[in-house]
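Colleague: Quick one, fold the following:
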Amino acid sequence: MQIPFGEWLPDQPEHNNPGANVANNVYYALNSYKRFPSLVNYSTNTITKDSRGAGSFRDNANTVFNFVATQDTLYELTGGAFTERGASGKVLNNSFATCTITVSDYANIGAGKTITLSKNDGSTIVFTSVTGSPSTNQFQVQTNNNTTATNLKNTINGHADFSATVSDAVVTVTRATVGRENLTNVSSDTARLTTTNFVGGTPLTGDATDYITFTQFGNYVIVSNGVDAPQFYLMGTSSAFANLSTIGTSGTVPVFRCSGVIRDFLVTGNHVGASNRIQWSGINDITTWESGTKQSDLQDLPGSGGQIVHITSGEIGYVFRQNSIIRMDYVGGATVFRLSMISPNRGAVYGRTVCQDNRRVFFYADDGFFEVNGDQVTAIGAEKVNRFFDLDLNKAFSDRIVAATDPFNQLAIWLYPSSADTSNTTGICDKVLIYNYATQKWSTATTNASTIFSQFVGAYTVELMDIISENLDNINISLDTDFWSGGQLLLGAIDSDYKAAIFSGTDNIGEIETTELELFPGTRSSIIGVRPIVDATATVTLKTRDRLADSATESTSSSMNSTGINPVRQSGRYVKVNVKIPSGGAWKDAQGIDLVASRSGLRWQIKLI
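Modeller: Alright, predicted model coming up:
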């Protein structure tokens, strides 16, 4: 008895579900599930904390530029390594920020004098002088200035948030984590314990929930978070990001949260003090922002649609507000853009929940998952995954949801923190929801990352060649072609170790569970074997119950024998089969299972005539 796996439909009842009850680390193709690859990191160093945005671009010379943003700063990923490119021309550097304390006239430093150091988050730690034996966060005043300075250095080094060095009577303190510029270093004895404040690069000032948008306009990469001055990087020329206003020639460059390129205009949205405002640059000119010059203009969007969270790019554009979607069409003349409301009551919850493949745009709204194509807004998650996602999402970290497309496999993917990880206090995402927009089928996968994005990856090392191709022996492409130098478009990520990674590994365990069936209506079934219709050596467990109100009884895991059968012996009225495909192996298709089963528990009745 063959049972196909079918599409994953978690919003439907387990019993007689027309699809699969579990589909993890796989995605549904036309007639089978295929492996969804695991993350493989490749960068030689890390960024300092969770990524709040990323972008991958090619310039006009076909050179690849990858950028990643944290809450504090901006990085370029090149040659497999992160290099900080800062903001406003300033960088934090991995030496972080430092301050100094100079000890003088030690003999007149009494007990109870304090040094107060600021941590990177602005909270403070107090270190106190004593003349006797010191305890935690205390330093002894003794012998001479240099010895007292050494004692202070040792005490500061005992605190995990700081490190210190000493040269004669001068103590130099460095924060363990990137901090804000010019945080204070306060002495209660400014005559004998003189201090300088922390100094260093200028970080971005958005908070932990502010996402960062990357948009390409010609050879320019534009970055914004809605709080700081928008930045630009001229690919092939710049060595650090700089304020977009420094190249402005007319008008005032707005501070905006999101942007897109529609036709030949940089269109910005969600401005400081006007979260419903859009403003576009001059035609093919991001230096012009004066209304009426080169068709530059602005528009405050009416209605109660909420703040603007995302703007798509292309011949036409979509402006996503929290509760509405506006289509932008270029018409020229005095009008410039025609604005059409195509969704008056539904928008995107957060800006990073929107992803795009050409004219197909996918997004997550308050009431589920949808697709925009032309003027049509189509529900793609209703009665399939919407209820599942609402329960599975860790809502304390909803702002961490981030979407991306895998154009090659035609997948729209949402990375999110699940409620299953109850120990999650950082909001690192641990799961992805996958939608195959060619087959309109869903599935899930497990991973650990803070950002996913379509990423151009150049194979400039043997290791990268290997993770891109999986088998170096199969490569028959000349090494001087754009296949390697121009980068391949892959689904990339910043993983939980803050390294650059791509989805190309084989570590994921594929798991698919059939619908629950009553194999022989009206009677119990006896199952003695399962043959997975999978081109891999899979393991099987059987789950049975006699009443829908019962909890299922699960068999022990059964391995495949040489005939392709997984021996198992169990009976019950309702039956479902869980198939696990081990990690590490190469497999292509998982189509279903073949059950070896018979009726059981029949009672014969003799009727007298």
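Colleague: D392: neighbour count?
Modeller: By other Cβ atoms under 10 Å, 17 other residues sit near D392. Bear in mind the C-beta positions are built from the backbone N, C-alpha and C, glycine included.
Colleague: On the pLDDT front, check it for me.
Modeller: Per-residue confidence (pLDDT) for D392: 96.
Colleague: Let me know whether it touches S418 as I believe.
Modeller: Yes. Contact criterion Cβ atoms under 8 Å: D392 and S418 qualify, at 5.2 Å.
Colleague: Overlap in contacts, those two.
Modeller: Shared contacts of D392 and S418 (Cβ atoms under 8 Å, 6 or more residues apart in numbering): K431.
Colleague: now the stretch 301-450 of the chain, which segments are flagged as low pLDDT?
Modeller: 422 (pLDDT under 70).
Colleague: mind listing the helices for it?
Modeller: 386-392 (DSSP state H, counting those that start in this stretch).
Colleague: now the strands for it?
Modeller: Using DSSP state E, counting those that start in this stretch, the strands of the stretch 301-450 of the chain run over 308-311, 316-321, 325-332, 336-343, 355-357, 360-365, 368-373, 376-379, 402-406, 411-416, 429-436, 441-457.
Colleague: so where's the longest helix in the protein?
Modeller: The single longest helix within the chain, with elements called by DSSP state H, is helix 145-157.
Colleague: Distance from the chain centre to the helix or strand following that one, please.
Modeller: Sequence-wise, the next helix or strand downstream of helix 145-157 (DSSP states H and E) is strand 162-167. Centroid separation for strand 162-167 versus its chain: 36 Å, with Cα atoms, centre = their mean, to the nearest Å.
Colleague: quick one: average confidence on the next helix or strand after strand 162-167?
Modeller: Following strand 162-167 in sequence order, the next helix or strand is strand 170-175 (DSSP H and E). Computed over strand 170-175, the mean pLDDT rounds to 94.
Colleague: Buried by neighbour count: which residues of strand 170-175 qualify?
Modeller: Neighbour counts over strand 170-175 (16 or more other Cβ atoms under 10 Å) mark 170-175 as buried.
Colleague: Dump the residues you listed into CSV; add distance to Y350 as well.
Modeller: Compiled in CSV, the buried residues of strand 170-175 are given as follows (distance: Cβ to Cβ, whole Å):
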residue, distance to Y350
V170, 48
V171, 44
T172, 42
V173, 38
T174, 35
R175, 31
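Colleague: ok, those vs V377, which is closest?
Modeller: Closest to V377 out of the buried residues of strand 170-175 is R175 (47.8 Å), distances taken as Cβ to Cβ.
Colleague: Hmm, N120 and the closest one touching each other?
Modeller: Yes. R175 lies in contact with N120 (Cβ under 8 Å); the separation is 5.3 Å.
Colleague: what's near enough to touch N578?
Modeller: 22, 511-514, 540-543.
Colleague: Top of those residues by number of neighbours, please.
Modeller: Tallying neighbours with other Cβ under 10 Å puts I512 at the head of the contacts of N578, with 29 neighbours.
Colleague: ok, now how distant is that residue from T539?
Modeller: 12 Å (Cβ to Cβ, to the nearest Å).
Colleague: which residues are common contacts for these two?
Modeller: Here I512 and T539 have V579 as joint contacts, going by Cβ under 8 Å, 6+ apart.
Colleague: Over to N108: give its phi and psi.
Modeller: Here is the backbone geometry of N108 (degrees, to the nearest 10): phi -100, psi 10.
Colleague: Tell me, how many residues neighbour it?
Modeller: 10.
Colleague: Grab the nearest non-local neighbour of it.
Modeller: Leaving aside its chain neighbours, N108 sits nearest to R192 (6.2 Å; criterion: Cβ to Cβ, 6 or more residues apart in numbering).
Colleague: quick one, what contacts that neighbour?
Modeller: With Cβ under 8 Å, 6+ apart, R192 has these contacts: 103-106, 108-109, 113.
Colleague: Now a PyMOL select for only the buried ones of those residues.
Modeller: Per 16+ other Cβ under 10 Å, the buried members of these correspond to this PyMOL selection:
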select buried, resi 103+106+109+113
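Colleague: so what's the most centrally placed residue in the chain closest to, chain neighbours aside?
Modeller: Geometric centre of the chain, nearest residue: T451, 2.0 Å, by Cα atoms, centre = their mean. If the residues on either side of it in the chain are set aside, T451 comes closest to S51, at 3.9 Å by Cβ to Cβ, 6+ apart.
Colleague: Now do the same contact list for the residue lying closest to E554 once chain neighbours are set aside.
Modeller: Closest residue to E554 apart from its sequence neighbours, by Cβ to Cβ, 6+ apart: K543 at 5.1 Å. Neighbour list for K543: 513, 516, 552-555, 575-578 [criterion: Cβ under 8 Å, 6+ apart].
Colleague: And those residues, which of them are buried?
Modeller: 513, 516, 555, 575-578.
Colleague: CSV for the residues you listed, including distance to T426, secondary structure and pLDDT?
Modeller: Converted to CSV, the buried ones among the contacts of K543 look like this (distance: Cβ to Cβ, whole Å; DSSP: H, G, I helix; E, B strand; the rest coil; pLDDT from 0 to 100):
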residue, distance to T426, secondary structure, pLDDT
E513, 30, strand, 96
E516, 37, strand, 92
S555, 38, coil, 93
V575, 41, strand, 94
K576, 35, strand, 94
V577, 37, strand, 95
N578, 31, strand, 96
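Colleague: Same list (the residues you listed) but as a markdown table, adding distance to K34.
Modeller: Conversion of the buried ones among the contacts of K543 to a markdown table gives the following (distance: Cβ to Cβ, whole Å):
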| residue | distance to K34 |
| --- | --- |
| E513 | 17 |
| E516 | 24 |
| S555 | 27 |
| V575 | 26 |
| K576 | 22 |
| V577 | 19 |
| N578 | 18 |
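Colleague: Count the residues that sit near the residue nearest to Q322 when sequence neighbours are not counted.
Modeller: Of all residues not flanking Q322 in the chain, G306 sits nearest, at 3.0 Å (Cβ to Cβ, 6+ apart). Counted with other Cβ under 10 Å, the neighbours of G306 add up to 18.
Colleague: so what's G306 up against?
Modeller: G306 neighbours (Cβ under 8 Å, 6+ apart): 275-276, 321-324, 347.
Colleague: CA atoms of stretch 346-361 as PDB?
Modeller: What follows is stretch 346-361, C-alpha atoms only, in PDB (Å, rounded to 0.1, in the frame of the first residue of the first chain):
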ATOM      1  CA  ARG A 346      -3.300  44.700   4.900                       C
ATOM      2  CA  GLY A 347       0.400  45.400   4.800                       C
ATOM      3  CA  ALA A 348       3.700  44.000   6.200                       C
ATOM      4  CA  VAL A 349       4.300  43.600   9.900                       C
ATOM      5  CA  TYR A 350       8.000  44.400   9.600                       C
ATOM      6  CA  GLY A 351      10.100  45.600   6.800                       C
ATOM      7  CA  ARG A 352      12.300  42.500   6.700                       C
ATOM      8  CA  THR A 353       9.300  40.200   6.300                       C
ATOM      9  CA  VAL A 354       9.100  41.200   2.600                       C
ATOM     10  CA  CYS A 355      11.100  39.500  -0.100                       C
ATOM     11  CA  GLN A 356      11.100  39.700  -3.900                       C
ATOM     12  CA  ASP A 357      11.800  37.700  -7.000                       C
ATOM     13  CA  ASN A 358      11.400  40.000 -10.000                       C
ATOM     14  CA  ARG A 359       7.700  41.100  -9.900                       C
ATOM     15  CA  ARG A 360       6.700  38.500  -7.400                       C
ATOM     16  CA  VAL A 361       6.700  39.900  -3.900                       C
END
